[in-house]
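A.B. asks: quick one: sequence plus predicted model below, questions after.
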Amino acid sequence: MNFKAHEAAATGTDGGLTGSSSPEEPGGKYAKRALPPDCDAPDPDDLRLFRFLSIYYPLTDPADWNDWRWQMRNGVTTAAQLSRFMELTPSEAEALARLKGRLPLRITPWYLSLMTGRGAGHPLRRMMVPTLEELTTRPEEKSDSLNEEGSSPVSGLVHRYPDRVLFLVTQVCSAYCRYCTRSHSVGRLAHAPRLQWEQAIEYIAAHPGIRDVLISGGDPLTLTDTQLEYLLSRLRSIPHVEILRIGTKVPVVMPQRITPELTALLERFHPLWMSIHFSHPEEITRETAAACARLAGAGIPLGSQTVLLRDINDDPQVMRSLLHKLLQIRVRPYYLYQCDLVPGTHHFRTPVSHGLEIIRSLRGFTSGYAIPHFVIDAPGGGGKIPLLPEYVREITPEGIVMNNYLGETCFYPGF
Ligand code: SF4
């Protein structure tokens, strides 16, 4: 729902309004709230958001709700705040009480609106709210499991592959995913210091073999437009940098950030690509679709990156639904990752064979554009390794014997 489109003057609280969780709602400052759309059959998502806003943010100005800075400022970061939106399970409450020194809690009000009232097992809640399982580290799980620090010539830059680098420009995200590969570093500090940026940019400028810079973090779209403009200008001025890429989850957890001003800024730095972190079909809302439409409209090719997560998206029907919805919003499924060996993530991992079965259930049965590369990012820093179900049965001097998607034997003659 475009909140603004449905705003209306109201006289304050009424029977359905139970108060606000927003520290920026002093009470009486704002006299507006959302009303449901004027139509006979309102969209269920619109109604859900309307109810959520009526209960939890009755006095919030629609302009504030639709402002990404307000969403950032009002992120839920404590158990006490979260318990105003949902009854915490004992496991969640204890995990939150023992979170000190670990990946912090942060959920945008927008993303909360998608999970509130949906039960403790709701997939979006499971991805954002810690449970006791997160406090157990298995022997195979390592902090910095991809050994990014071992491939880091200067702070905040990972140079693992010959022609491209990963530039970690911030440690801040608008929402923290409990399975985050960089849970050892994100959420600890604010944005990387300018000096660190300068050292990374100098390194890129001094290495003519680098033709591709992936700007990530944390989430780069938590930077202001001014900061992004500076960063992109500096990188674009390096002659051998051919393409820029941004890795982000912001269009999913804070679609308000994708403003016309931002897209106008980004399109000045083409060729610029974007990888968006989607996990579940219920993340694809009208707002996120509109944000992606704005990005695509600015000529930015959009891809998705998805982590395979047990009981969240490892059901073939759920995954297929996600992939189909992504194509509908002009996002090309790019990578499906086996969950990295990050401390406290055992409960999220699903067998690799399960991922292969999902790919097998897709290949041949749906559009090729809908099928991501299933990869393992090799522990210790070996890089991404593609995984495919076995289709080749035999290669002989006469040719290649293969199974097609239906399991039928096919032969292609050799030369
Ligand atoms: S948005 Fe990305 S960097 Fe931030 S917590 Fe989630 S996975 Fe980690």
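C.D. replies: Received it, and whenever you're ready, just let me know what you need. Residues are numbered from 1 along each chain as shown.
A.B. asks: tell me the pLDDT at R194?
C.D. replies: Looking at R194, its pLDDT reads 86.
A.B. asks: what about it, neighbour count?
C.D. replies: 10 (other Cβ atoms under 10 Å). C-betas here are computed from N, CA, C, even on glycine.
A.B. asks: so what's G364 up against?
C.D. replies: N404, Y405, L406 (Cβ atoms under 8 Å, 6 or more residues apart in numbering).
A.B. asks: what bridges to the closest residue to the first one other than its chain neighbours?
C.D. replies: It refers to N404. Among residues not flanking N404 along the chain, C410 sits closest, at 5.2 Å (Cβ to Cβ, 6 or more residues apart in numbering). With DSSP bridges as the criterion, C410 is bridged to M402.
A.B. asks: also Q305?
C.D. replies: With DSSP bridges as the rule, Q305 is bridged to H277, Y335.
A.B. asks: thought it was touching I276?
C.D. replies: Yes. Counting by Cβ atoms under 8 Å, Q305 does reach I276; the two are 7.2 Å apart.
A.B. asks: of the two, who's got more company?
C.D. replies: Remark: of Q305 and I276, I276 carries more neighbours, 26 against 19, as counted by other Cβ under 10 Å.
A.B. asks: any idea which element S91 lies in?
C.D. replies: Taking DSSP states H and E as the criterion, the element that holds S91 is helix 90-97.
A.B. asks: for C339, list the residues it contacts.
C.D. replies: Contacts of C339 (Cβ under 8 Å, 6+ apart): Y179, V307, L308, L309, T345, F348, R349, T350.
A.B. asks: most neighbours among these, which one?
C.D. replies: T345 (25 neighbours).
A.B. asks: so which residues on the protein come close to the ligand?
C.D. replies: Within reach of the ligand by Cβ under 6 Å from any ligand atom, the chain has these residues: C173, Y176, C177, C180, R182, V186, G217, G218, D219, K249, H277.
A.B. asks: in the stretch 1-150 of the chain, which residue sits closest to the ligand?
C.D. replies: Nearest residue of the stretch 1-150 of the chain to the ligand, counting by Cβ to the nearest ligand atom: L103, 7.3 Å away.
A.B. asks: contacting residues around that residue?
C.D. replies: P130, Y176, R178, C180, S183, V186, G187.
A.B. asks: mind running it again at 6 Å?
C.D. replies: Residues near L103 by Cβ atoms under 6 Å, 6 or more residues apart in numbering: Y176, S183, G187.
A.B. asks: next, count neighbours for the first one.
C.D. replies: By the other Cβ under 10 Å criterion, the neighbourhood of Y176 contains 24 residues.
A.B. asks: and it, what does it touch?
C.D. replies: Contacts of Y176 by Cβ under 6 Å, 6+ apart are L103, R106, G187.
A.B. asks: host element of it?
C.D. replies: Going by DSSP H and E, Y176 is not in any helix or strand.
A.B. asks: W65 versus that one, what's the distance?
C.D. replies: Distance, Y176 to W65, by Cβ to Cβ, to the nearest Å: 21 Å.
A.B. asks: then Q171?
C.D. replies: Here Q171 is placed at a distance of 26 Å from W65 (Cβ to Cβ).
A.B. asks: likewise Y179?
C.D. replies: Noted for Y179: a distance of 28 Å to W65, by Cβ to Cβ.
A.B. asks: same question, M72
C.D. replies: In terms of Cβ to Cβ, M72 sits 13 Å off from W65.
A.B. asks: so between the two, which is more surrounded?
C.D. replies: W65 (24 against 18).
A.B. asks: any idea of the pLDDT on that one?
C.D. replies: 97.
A.B. asks: make residue 1 into 65 and carry on from there
C.D. replies: I'll keep to 65 as the first residue from here, and by that count the last item is W129.
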